[in-house]
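Asks: got a structure for you, letters missing:
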């Protein structure tokens with residue numbers, strides 16, 4: 001069915017390519033401004049050669065031109081070490097029983113350039129998401145193709161060891177094309193760093209593991225998972241800043257499920273499921289990324305097909321969501337997006353139109369305001385901010 005996209009809550013603003021070479025400043029309340037860099041994960045091919053980096057000035061909302069920080073294969077998702085000196089990237093490769101890779105890089109904080117330290121197995125095919133433990137000693141990886149989750153140790157110099165733990169998920173769900181088997185799609189730690197949450201698109205579950213930081217072992221929690229509606233396809237998972245509520249964005253049915261979280265028991269209790277699409281939308285669309293604003297007052301999710309960001313107000317007492325806005329990302333297939341550390345700006349990564357588009361975040365209402373600024377980067381997927389001294 002042919003359909004039309006309507007974005008009544010935002011005016012159309014033509015985008016322009018930024019060519020300024022400005023340093024980035026992160027605004028810190030009642031403190032001196034700090035500089036920062038923005039790293040971009042991509043899908044490589046004719047339009048991209050690896051990981052890109054650019055400076056961003058939050059005082060002006062301007063960015064420098066992206067440059068190639070490191071040539072590497074399919075670095076679709078990135079994670080930074082807590083000390084800010086190392087960056088890790090999945091290599092979204094491998095099929096069947098062939099594992100993908102995780103790469104470790106050292107960061108030149110003066111230029112943003114990356115130097116490869118080493119690579120290690122991701123423990124499964126098609127790694128798509130990773131995070132670093134707050135203690136800086138472990139990396140967690142979700143393997144979409146292999147349907148598994150892995151824990152890799154980090155040496156003192158930031159280099160990777162081979163997986164200490166790999167857990168293979170089992171099962172399937174109702175969508176025969178997308179849920180024929182397990183597809184781990186994300187990894188998220190709770191505030192304590194003792195529990196790992198893994199949304200599995202193929203199982204319609206968020207699996208919960210207890211983590212042993214001394215050995216790198218994962219063991220199923222009790223209960224071992226929280227379920228979403230059959231066919232929903234949970235993709236990425238995010239906690240509210242107070243860790244009393246959590247949210248999962250469901251790729252296949254374009255919804256977000258809100259949970260109450262008990263940090264003492266590490267349990268999730270479903271509260272609400274809302275659509276990310278406007279009423280009356282009749283086309284094909286799937287979701288991708290979900291982020292809670294640093295204030296905890298707003299939540300954002302991306303739609304691919306409707307090519308937009310859905311904005312919600314968060315009831316901070318109940319954790320429930322109220323729709324506020326749908327805003328066009330001014331490009332095709334917004335895979336992911338990033339909110340800068342000040343909470344003032346959002347960069348949307350349009351994978352299929354090779355653009356990053358900048359929005360200002362209304363601090364009082366959470367709505368996204370197009371700035372007219374954009375960058376050209378081939379197949380952008382992931383946005384990560386690195387504050388500098």
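Replies: That came through fine. Remember, it's a predicted structure, so these values are computed and weren't measured experimentally. Numbering: from 1, shown residues only.
Asks: who does the host helix or strand of residue 323 pair up with?
Replies: Mapping residue 323 onto the secondary structure by DSSP states H and E places it in strand 321-328. Take DSSP bridges as the rule and strand 321-328 pairs in its sheet with strand 308-314 (antiparallel).
Asks: got a list of contacts for the strand it pairs with?
Replies: Contacts with strand 308-314, where a contact means Cβ atoms under 8 Å, 6 or more residues apart in numbering, come from 5, 7, 240, 245, 256, 274, 276-277, 292, 296-303, 320-329, 334, 337, 346, 348, 359, 366-368. In this view, the C-beta of every residue, glycine as well, is placed from N, C-alpha and C.
Asks: mind listing what's buried along it?
Replies: Judged by neighbour count (16 or more other Cβ atoms under 10 Å), strand 308-314 contains these buried residues: 308-314.
Asks: likewise stretch 190-199?
Replies: Across stretch 190-199, burial judged by 16+ other Cβ under 10 Å covers 190, 195-199.
Asks: and if you look at stretch 276-295?
Replies: So for stretch 276-295, counting by 16+ other Cβ under 10 Å, buried means 276-278, 281, 285-293.
Asks: cool, and stretch 380-389?
Replies: Of the residues in stretch 380-389, 380-388 count as buried by neighbour count, 16+ other Cβ under 10 Å.
Asks: before we move on, the earlier item: out of the buried residues of stretch 190-199, which is nearest to residue 118?
Replies: Nearest to residue 118 out of the buried residues of stretch 190-199 is residue 196 (Cβ to Cβ; 23.7 Å).
Asks: still on that earlier bit, just give me the closest of the buried residues of stretch 190-199 to residue 226.
Replies: Checking the buried residues of stretch 190-199 against residue 226 by Cβ to Cβ gives residue 197 as the nearest, at 8.6 Å.
Asks: so what's that closest one bridging to?
Replies: Under DSSP bridges, the beta-bridge partners of residue 197 are residue 188, residue 208.
Asks: pretty sure residue 124 is touching residue 152, no?
Replies: No. Applying Cβ atoms under 8 Å, one finds residue 124 not in contact with residue 152, separated by 11.8 Å.
Asks: neighbour count winner among the two?
Replies: Comparing residue 124 with residue 152 by neighbour count (other Cβ atoms under 10 Å), the higher total belongs to residue 124, at 28 against 25.
Asks: shaky segments in the chain?
Replies: 1-34, 389 (pLDDT under 70).
Asks: 80 instead?
Replies: Low-confidence regions of the chain, defined by pLDDT under 80, span residues 1-35, 94-97, 389.
Asks: spatially central residue for it, please.
Replies: residue 289 (5.5 Å; Cα atoms, centre = their mean).
Asks: that one contacts residue 337, doesn't it?
Replies: Yes. Under the criterion of Cβ under 8 Å, residue 289 is in contact with residue 337, at a separation of 5.7 Å.
Asks: isn't residue 202 right up against residue 177?
Replies: No. With contact defined as Cβ under 8 Å, residue 202 does not reach residue 177; the gap is 10.9 Å.
Asks: which one's more surrounded, these two?
Replies: Neighbours around residue 202 and residue 177, counted as other Cβ under 10 Å, are more numerous at residue 202. The numbers are 23 against 6.
Asks: looking at this, the more buried one is in a strand?
Replies: No. Residue 202 is assigned coil when assessed by DSSP: H, G, I helix; E, B strand; the rest coil, not a strand.
Asks: follow-up on the earlier one: what's the most distant pair in the buried residues of strand 308-314?
Replies: Distances among these were taken as Cβ to Cβ; the most separated pair is 308 and 314, at 19.0 Å.
Asks: so for stretch 242-252, what gets flagged as buried?
Replies: Under the neighbour-count criterion of 16+ other Cβ under 10 Å, stretch 242-252 has 244-252 buried.
Asks: turn these into a markdown table, columns for secondary structure and distance to residue 184.
Replies: As requested, the buried residues of stretch 242-252 are exported to a markdown table (DSSP: H, G, I helix; E, B strand; the rest coil; distance: Cβ to Cβ, whole Å):
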| residue | secondary structure | distance to residue 184 |
| --- | --- | --- |
| 244 | coil | 25 |
| 245 | strand | 23 |
| 246 | strand | 17 |
| 247 | strand | 18 |
| 248 | strand | 13 |
| 249 | strand | 15 |
| 250 | strand | 15 |
| 251 | coil | 13 |
| 252 | coil | 15 |
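Asks: adding distance to residue 270, write those residues out as CSV.
Replies: Formatted as CSV, the entries for the buried residues of stretch 242-252 read as follows, by distance: Cβ to Cβ, whole Å:
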residue, distance to residue 270
244, 15
245, 11
246, 10
247, 11
248, 10
249, 14
250, 12
251, 18
252, 17
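Asks: which one of those residues is nearest residue 261?
Replies: Of all the buried residues of stretch 242-252, residue 261 sits closest to residue 246, with 4.9 Å by Cβ to Cβ.
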